[in-house]
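Student: I'll drop the sequence and a predicted model, then ask my questions.
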Amino acid sequence: MKKLILTIALLGFTLNSSAQDFSWGPKVGIALPSIKLSDVEDVESGIETLRLLEEANAKISAHIGVFARISLLGFYVQPEILFSSSKSEVGYNLLLAGQTNYESVAGEVRLNKLDIPVLVGKRFLKVFRVNAGPVFTLPLSEDISFKSLSSTVSDVETNYKSATVGAQIGAGLDLAFLTVDLRYELALQSISEGISVGGTEFAADQRVNQFLISIGYKF
């Protein structure tokens, strides 16, 4: 799947010979992601009960990359290749044998990934744009660190998939050589095979939705 995604991206950036109008350039931006967990059940063992929290706190993240815009027949196609680094807080509650109150354990997940949106859009009044399309995500690396951990359970694995697909919809504004985009990204599938905490497996549906704003320079 990775080869297919990269092939689509490279084709988008090389289709300029037959286009009525072609531009490209660098872009940077920020995003507000949120990790949503669903279909999570408590897991019990002989000494403890784990309860995975179903929503994480979003943190502002950044992305940087390059875009191309190809205009054809009144519409345009805009493929992008973006490196992004996102952060979210995750947590779980632990109930040890013999105790009556859950102990809350919080941590931070940092995910570095490659996002490849391929958007189709329409211009209005020469400066306004609307667009929508799929976004392909390739996780590159991850890091989990805990703010506090007094329990014996510390090993957390997110088990991210090698590639996932989502959807983006948004609007844009073109001012001379500058281009501004505001989008919402919806996860169409879980980004992981499940989550394990201290060797305990959770078959959770984990999705990342986010708002994104970016600014680019057109050549």
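Tutor: Happy to help now that I have it.
Student: so where's the protein uncertain?
Tutor: Counting by pLDDT under 70, the chain contains low-confidence ranges at 1-20, 36-58, 90-107, 145-156, 194-195, 197-200, 202-204.
Student: show me where it has its strands.
Tutor: 21-38, 43-44, 48-52, 57-58, 61-72, 75-96, 103-124, 128-146, 156-157, 164-175, 178-187, 195-197, 200-202, 205-217 (DSSP state E).
Student: partner strands of the fifth one, with direction?
Tutor: Sheet pairing for strand 61-72, assigned by DSSP bridges, gives strand 21-38 (antiparallel), strand 75-96 (antiparallel).
Student: let me have the strands of the chain in JSON lines, extended by mean neighbour count.
Tutor: Where you see a C-beta, it was placed from the backbone N, CA and C, and this is true even at glycine. Listed next are the strands of the chain as JSON lines, based on neighbours: other Cβ atoms under 10 Å:
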{"stretch": "strand 21-38", "mean neighbour count": "17"}
{"stretch": "strand 43-44", "mean neighbour count": "14"}
{"stretch": "strand 48-52", "mean neighbour count": "18"}
{"stretch": "strand 57-58", "mean neighbour count": "16"}
{"stretch": "strand 61-72", "mean neighbour count": "19"}
{"stretch": "strand 75-96", "mean neighbour count": "19"}
{"stretch": "strand 103-124", "mean neighbour count": "18"}
{"stretch": "strand 128-146", "mean neighbour count": "16"}
{"stretch": "strand 156-157", "mean neighbour count": "17"}
{"stretch": "strand 164-175", "mean neighbour count": "17"}
{"stretch": "strand 178-187", "mean neighbour count": "18"}
{"stretch": "strand 195-197", "mean neighbour count": "19"}
{"stretch": "strand 200-202", "mean neighbour count": "17"}
{"stretch": "strand 205-217", "mean neighbour count": "19"}
